[in-house]
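Novice: next one to model:
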Amino acid sequence: MRCWLWSFLALALSTTALNAQGLRDKISELFIFTAGQDPLFLGGTAGSDSATALHADHFIPSARAENGTLISFISNAISGNVANVPVSATSGGSTFRFEGGVPVKTSASPGPVFAERAQTLGRGRVFVGANVNRLHFETLRGVSLSGIEMTFTHVNVTGPLCDSIQGTSCDPYGVPAHENDVIALRLALDIDMTVSSFFLSFGLLDHVDIGVVLPIVATSLTGTSDAQIIPFGGTTAQHFFGGTPTSPVLSTSRFVQGSASGIGDIAARVKVSVTQSERTTFALLGDIRFPTGSEDDLLGSGHLAARGLGILSARFGAFSPHANVGYLFRSGDLQNSAVLATVGFDHLMAPWATMAVDLVSELQVGESKLQLPGPVAYDAPFRRTIDVTNLPNERDDVINGSFGFKFTTGSGITLVANTLFPLNRGGLRPNVLWTAGLEYNF
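Specialist: Sure thing, here's the model as predicted:
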């Protein structure tokens, strides 16, 4: 047991982030069109004559808070969701209880893949394994990552100077007329992730297991943004990326690329069997995910998370249903806690083959902390509203289906193959998460 623990510690200490740094910052760079300036700063306008130079910062987040909210939503939604890849169950293979010093088998199959079963390993028994999870993120709240649309609006300029120039009050939004100018931006993101998890559980007592999970995460990001200034009217542009007011550059694009790898968020677990009969078992599980993965490199959540579960398992011959109900606490200011519910079964189809099926859900507590700005209302030259993005303001509930198999070899090693696929589109989601792994207990 000490050898395994020291191996996990050595691997954790020797693994560091590689290749690129600051993938989260690279997402922010997609909104910076002038080097060294704030997002949405108009460099062409800043370099023009004094009559239009003041227009350079009319869209920047410090001047127009709604634009900053829209930009930060993208970075926060991706970094907050990218670390939520599920980890494998705490125990697999054969589980035992001891009666009069004699081990009695308490499970019919090697167990589920991502769900938890109530049976504990048995005193002194060890469960080790490794798996690889591969996923390509496809949607954010149901919108394709290759087709996110945003509209950035102009600050409402007010004050005596504006009033004197216009000859009327500038308080209505849309006065002067160039306040109706917008920057339309189309964002395309390509995010790949591979999570290699190494896990170990140990039967501390007959009814108590402890364990640890060490994930090694590799993330790659490619992003493009295409921006277009849409003047509301007039023959002389007040806002432009380059050129002159009479020959303005009204469109531009940005491209970023990077990758990073390193330790993800390490998890520590304990499971206690509360009641156990010939047919049913009930247990409690608690685990903590520590913020050991780099949030800036999209390797971890950046915040502590704790999970508590009640686990009920039953056995009817080769068929073993289970249910997990619990609560996930997230400490991040922009991350919601969630109610957890999983139901499914594992079925021993042959002595060497098990099928595992689960419905895995994570239901957000309260309204989402990640809110988008609402529609923008203009007062002049006529009343109207525009939507600033095609992303919806909605809850980030997660419901997944899990379907996989476990194959036990003659050497006692269990091979795992599984697919996890979304049944709704809350949050940041792939079309499918592929899992392949090895498990062994002794």
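Novice: which strands or helices does the longest helix out of those in the chain pack on?
Specialist: In the chain, taking DSSP state H as the definition, the longest helix is helix 65-81. In terms of contacts (3 or more Cβ pairs under 8 Å, 6 or more residues apart in numbering; DSSP states H and E), helix 65-81 is packed against helix 23-29, strand 148-153, strand 182-205, strand 428-441. Bear in mind the C-beta positions are built from the backbone N, C-alpha and C, glycine included.
Novice: which positions in the shortest one come out as buried?
Specialist: Looking back up the chat, that one is strand 148-153. 148, 150-153 (16 or more other Cβ atoms under 10 Å).
Novice: and what of the longest one?
Specialist: Within strand 182-205, the residues that qualify as buried by neighbour count (16+ other Cβ under 10 Å) are 182-183, 185-189, 191, 193-204.
Novice: and if you look at stretch 338-347?
Specialist: Result for stretch 338-347 [16+ other Cβ under 10 Å]: buried residues 338, 340-347.
Novice: ditto for stretch 59-76
Specialist: 59-61, 63-64, 66-71, 73-76.
Novice: quick one: secondary structure of residue 158?
Specialist: When classified by DSSP: H, G, I helix; E, B strand; the rest coil, residue 158 comes out as coil.
Novice: cool, and the one 10 residues further on?
Specialist: Under three-state DSSP, residue 168 falls in the coil class.
Novice: same question for residue 45.
Specialist: Residue 45 is classified as helix under three-state DSSP.
Novice: that one against residue 239, yeah?
Specialist: Yes: counting by Cβ atoms under 8 Å, residue 239 is a contact partner of residue 45 at 5.9 Å.
Novice: can you list residues touching both of those two?
Specialist: residue 55 (Cβ atoms under 8 Å, 6 or more residues apart in numbering).
Novice: please say which of these two ends up with more neighbours.
Specialist: Ranked by neighbour count (other Cβ atoms under 10 Å), residue 45 and residue 239 place residue 45 first, with 27 against 23.
Novice: which residues in the chain form helices?
Specialist: Using DSSP H, helices in the chain cover 2-14, 23-29, 43-46, 50-53, 65-81, 160-166.
Novice: which of those helices comes out lowest on mean pLDDT?
Specialist: Of all the helices of the chain, mean pLDDT reaches its minimum on helix 2-14 (a mean of 46).
Novice: report the buried residues of stretch 432-441.
Specialist: 433-435, 437, 439-441.
Novice: which single one of those is nearest to residue 367?
Specialist: Set against residue 367, the nearest of those by Cβ to Cβ is residue 433 (27.0 Å).
Novice: isn't the closest one up against residue 134?
Specialist: Yes: with contacts counted by Cβ under 8 Å, residue 433 reaches residue 134, the gap being 7.3 Å.
Novice: burial count for residue 299?
Specialist: 28.
Novice: then residue 383?
Specialist: Count around residue 383 with other Cβ under 10 Å applied: 11.
Novice: who's in contact with it?
Specialist: Applying Cβ under 8 Å, 6+ apart, the residues near residue 383 are residue 377.
Novice: please report the distance of it from residue 374.
Specialist: Distance, residue 383 to residue 374, by Cβ to Cβ, to the nearest Å: 16 Å.
Novice: same check, this time on residue 307
Specialist: To residue 374, residue 307 is 34 Å away according to Cβ to Cβ.
Novice: what of residue 176?
Specialist: 24 Å.
Novice: and if you look at residue 339?
Specialist: 27 Å.
Novice: start to end distance for stretch 377-388?
Specialist: With Cα to Cα, to the nearest Å as the measure, stretch 377-388 spans 11 Å from end to end.
Novice: what about the strands in the stretch 301-442 of the chain?
Specialist: Along the stretch 301-442 of the chain, counting by DSSP state E, counting those that start in this stretch, strands occupy 305-314, 319-330, 338-350, 353-364, 376-378, 384-386, 398-408, 414-422, 428-441.
Novice: quick one, which of those strands is nearest to residue 261?
Specialist: Closest among the strands of the stretch 301-442 of the chain, using Cβ to Cβ: strand 428-441, at 18.2 Å.
Novice: what's the offset of the closest one from the middle of its chain?
Specialist: 16 Å (Cα atoms, centre = their mean, to the nearest Å).
Novice: show me what that strand is packed up against.
Specialist: By 3+ Cβ pairs under 8 Å, 6+ apart, strand 428-441 packs against helix 65-81, strand 126-140, strand 398-408, strand 414-422.
Novice: among those, which is nearest residue 25?
Specialist: helix 65-81 (8.6 Å).
Novice: what about residue 369, neighbour count?
Specialist: 16.
Novice: next, the contact list for it, please.
Specialist: 333-336.
Novice: again, 7 Å this time
Specialist: Each residue near residue 369 by Cβ atoms under 7 Å, 6 or more residues apart in numbering is listed here: 334-336.
Novice: any idea which helix or strand in the protein has the lowest mean pLDDT?
Specialist: When the helices and strands of the chain are scored by mean pLDDT, DSSP states H and E, strand 18-19 comes last with a mean of 42.
Novice: related to what we said a few turns ago, can you redo the helices and strands packed on strand 428-441 as a markdown table with distance to residue 162?
Specialist: What follows is those, written out as a markdown table (distance: least, Cβ to Cβ, whole Å):
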| stretch | distance to residue 162 |
| --- | --- |
| helix 65-81 | 19 |
| strand 126-140 | 38 |
| strand 398-408 | 48 |
| strand 414-422 | 49 |
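Novice: and those: which comes nearest residue 277?
Specialist: strand 126-140 (22.8 Å).
Novice: nearest the geometric middle of this protein, what residue?
Specialist: residue 81 (1.4 Å; Cα atoms, centre = their mean).
Novice: any idea of the pLDDT on residue 231?
Specialist: 90.
Novice: and it, what are its phi and psi?
Specialist: Here is the backbone geometry of residue 231 (degrees, to the nearest 10): phi -70, psi 150.
Novice: cool, residue 169 as well?
Specialist: With angles defined as degrees, to the nearest 10, residue 169 shows backbone torsions of phi -70, psi 140.
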